[in-house]
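Engineer: sequence first, predicted coordinates after that:
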Amino acid sequence: MVQTVLIYSMGEVIGDGLIKLPFIAGLRAAFPEARITWCAAKGETVYAGPLKGVVAGYVDEILTTGPTGAGTLDVLPWVKPFGGRTFDLVIDTQENLRRSLVARRAAPKGGKGLFVSAAAQARKPGWPAAVVDRLGRLLALATDGAGAPRPLVLTNPDALAAAKALLPDGPTYIGLAPGAGGQDKRWPLDRYLDLARRLEASSRKAVFFFGPDEATDAQAAREAVPSALFPEKDRTDGHAAVNGPLLAIALAGRLTAAIANDAGPGHMLAAGGAPLLSLQKDHRKAAKFRPAARRLELLVAEDYGQDMAALPPEVVEAALLRLIAGEP
C-alpha cells in the first residue's frame with residue numbers, strides 16, 4: 001500500500017501551478033489516504049503561496065529546503081537529499097537526467113518503492129507535447145493505468161460561500177478574461193466588449209475578470225458594458241480574506257462557460273471547472289500549454305493570420321455558444 005508520495009518538480013510559477021492542478025486532484029483520488037509531499041527543488045512554488053488555499057487537502061507538505069537536486073553537487077553519493085527520507089512512490093515530473101538521479105534516491109531500493117520519471121519517459125517515442133498530458137502519463141504509470149487527471153474540487157468553505165454570494169443561483173454566467181502578460185497574446189479588447197454586449201442582449205450575464213495591472217481595461221469594460229459583473233472588484237460577500245487565484249477559481253465553478261487569452265486567468269477558469277474557450281496565438285504554445293479544462297474549445301490565431309486580431313469574431317462567438325449549449 002502506498003502511504004507516502006513524493007512529487008518532484010523544480011518549482012511552479014502561477015501558470016505552471018494552475019496547469020498541474022488536475023494532476024494533483026487525480027493523484028489524491030488515486031491515493032486518498034497517502035501523505036503527499038511536493039518538492040519544489042529550486043525553492044519556490046505557488047503551492048506555498050497564492051495557491052496554498054487551493055491545494056489544501058490535496059498536498060500535505062511542501063519541501064523546498066536542503067539538498068533537493070537543484071545543486072550541482074547534490075548528486076554526489078554522500079549527500080543525503082530530502083534529509084535522507086524515502087517514500088513509497090516518487091514521481092519525478094522534470095526532465096533533467098542528473099536531477100532525476102537525485103530524485104530516484106528518495107525511492108527505497110530493493111523493489112520496496114516505485115519510481116516514475118519524466119526524464120526517462122521524455123526519451124521514448126510518443127511522449128506528449130502538452131504538459132497536462134505528460135503529467136497524466138506519469139500518473140497512469142504510477143497507478144497501473146488506474147489514475148488520471150480530474151477536475152480539482154475546492155474544499156475551502158469561505159471560498160465557496162464567497163463565489164455563491166457574488167454569483168448567486170439563477171442567471172447564466174459567462175466569464176470573460178481579456179488580459180494577458182503580453183499585448184501580442186491578447187484578442188483586442190473591443191472584440192471582448194462587443195461579445196459581452198451580445199451576451200447581455202441574449203439574457204446571459206457577462207462576468208469580467210481583470211488582473212491588478214489592468215485597471216484601465218477594466219474601466220473601459222465598465223463603461224462599455226455597464227450591466228456586466230466585476231465580482232473580483234465589487235465585493236459584497238463578506239469574505240474579504242478570499243481573494244486572488246482562490247477567488248477566481250471559486251467563481252469559475254459558477255460559470256456556464258468562459259473565454260480567455262493564453263494567460264493565467266484562463267488557467268484559473270479552467271482549474272475551477274468552467275468550460276473554456278482558449279484563444280491562442282500560435283500552435284506551438286497551444287500544444288504545450290493547453291489549459292486543463294474539463295471541456296475545451298481552442299482557437300489559434302495562426303490559422304487565420306499573423307496576430308490575435310486575425311481571429312474572426314463570428315468564429316469566436318460560435319465556439320463560445322457551442323460551449324454554452326453543452327455541445328461536444
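Structural biologist: Looks like it came in fine. Numbering: from 1, shown residues only.
Engineer: can you show me the CA trace of stretch 309-322 as PDB?
Structural biologist: Listed in PDB are the C-alpha atoms of stretch 309-322, where the atom choice follows Å, rounded to 0.1, in the frame of the first residue of the first chain:
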ATOM      1  CA  ALA A 309      -6.700  40.300 -34.200                       C
ATOM      2  CA  ALA A 310      -7.000  37.900 -37.100                       C
ATOM      3  CA  LEU A 311      -9.300  35.700 -35.100                       C
ATOM      4  CA  PRO A 312     -12.800  36.300 -36.600                       C
ATOM      5  CA  PRO A 313     -15.400  37.500 -34.100                       C
ATOM      6  CA  GLU A 314     -18.000  35.300 -35.600                       C
ATOM      7  CA  VAL A 315     -15.800  32.200 -35.300                       C
ATOM      8  CA  VAL A 316     -15.100  33.000 -31.600                       C
ATOM      9  CA  GLU A 317     -18.700  33.600 -30.800                       C
ATOM     10  CA  ALA A 318     -19.800  30.400 -32.500                       C
ATOM     11  CA  ALA A 319     -17.200  28.400 -30.400                       C
ATOM     12  CA  LEU A 320     -18.400  30.000 -27.200                       C
ATOM     13  CA  LEU A 321     -22.000  29.300 -28.000                       C
ATOM     14  CA  ARG A 322     -21.100  25.600 -28.500                       C
END
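Engineer: that stretch - what's its average pLDDT?
Structural biologist: Regarding stretch 309-322, the rounded mean pLDDT is 97.
Engineer: same question, stretch 123-134
Structural biologist: Per-residue scores along stretch 123-134 average to 92.
Engineer: who touches it?
Structural biologist: 16, 19-20, 22-23, 93, 118, 121-122, 136-137, 149, 287-290, 292 (C-beta atoms under 8 Å, 6 or more residues apart in numbering). Quick note: C-beta positions are derived from backbone N, CA and C, even for glycine.
Engineer: filter those down to just the ones in helices.
Structural biologist: 16, 19, 22-23, 118, 121, 136-137, 287-288 (DSSP state H).
Engineer: the nearest residue to Leu18 once chain neighbours are set aside in helix, strand or coil?
Structural biologist: The spatially closest residue to Leu18, leaving aside those adjacent along the chain, is His267, at 3.6 Å (C-beta to C-beta, 6 or more residues apart in numbering). Classification of His267 by DSSP: H, G, I helix; E, B strand; the rest coil places it in helix.
Engineer: His267 and Thr93, how far apart?
Structural biologist: 17 Å (C-beta to C-beta, to the nearest Å).
Engineer: how far away is Leu193 from Phe209?
Structural biologist: For Leu193 relative to Phe209 (C-beta to C-beta), the value is 14 Å.
Engineer: extract the C-alpha trace of whichever strand or helix holds Gln219 and format it as CSV.
Structural biologist: Element membership of Gln219, judged by DSSP states H and E, is helix 215-224. Taking Å, rounded to 0.1, in the frame of the first residue of the first chain, the C-alpha atoms of helix 215-224 are listed here in CSV:
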residue,chain,number,x,y,z
ALA,A,215,-7.4,48.8,-14.3
THR,A,216,-7.6,50.9,-17.5
ASP,A,217,-9.1,48.0,-19.4
ALA,A,218,-11.5,47.2,-16.6
GLN,A,219,-12.8,50.8,-16.5
ALA,A,220,-13.3,50.7,-20.3
ALA,A,221,-15.3,47.5,-19.9
ARG,A,222,-17.4,49.1,-17.1
GLU,A,223,-18.2,52.0,-19.4
ALA,A,224,-18.9,49.9,-22.5
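Engineer: any buried residues in it, and which?
Structural biologist: Buried residues in helix 215-224, counted by 16 or more other C-beta atoms under 10 Å: 217-218, 220-221.
Engineer: reformat the residues you listed as CSV; add distance to Ala252.
Structural biologist: Compiled in CSV, the buried residues of helix 215-224 are given as follows (distance: C-beta to C-beta, whole Å):
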residue, distance to Ala252
Asp217, 20
Ala218, 18
Ala220, 23
Ala221, 18
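Engineer: list the buried residues for stretch 245-256?
Structural biologist: 245-256.
Engineer: Thr37 reaches Leu89, doesn't it?
Structural biologist: No. In this structure, Thr37 is not within contact of Leu89 by C-beta atoms under 8 Å, at 10.4 Å.
Engineer: more neighbours: which of those two?
Structural biologist: For Thr37 versus Leu89, neighbours defined as other C-beta atoms under 10 Å are more numerous around Leu89 (23 against 20).
Engineer: list the contacts of that one.
Structural biologist: 2, 4-6, 31, 34, 107, 113-114, 116, 142.
Engineer: one more pass at 7 Å, please.
Structural biologist: 2, 5, 113-114, 142 (C-beta atoms under 7 Å, 6 or more residues apart in numbering).
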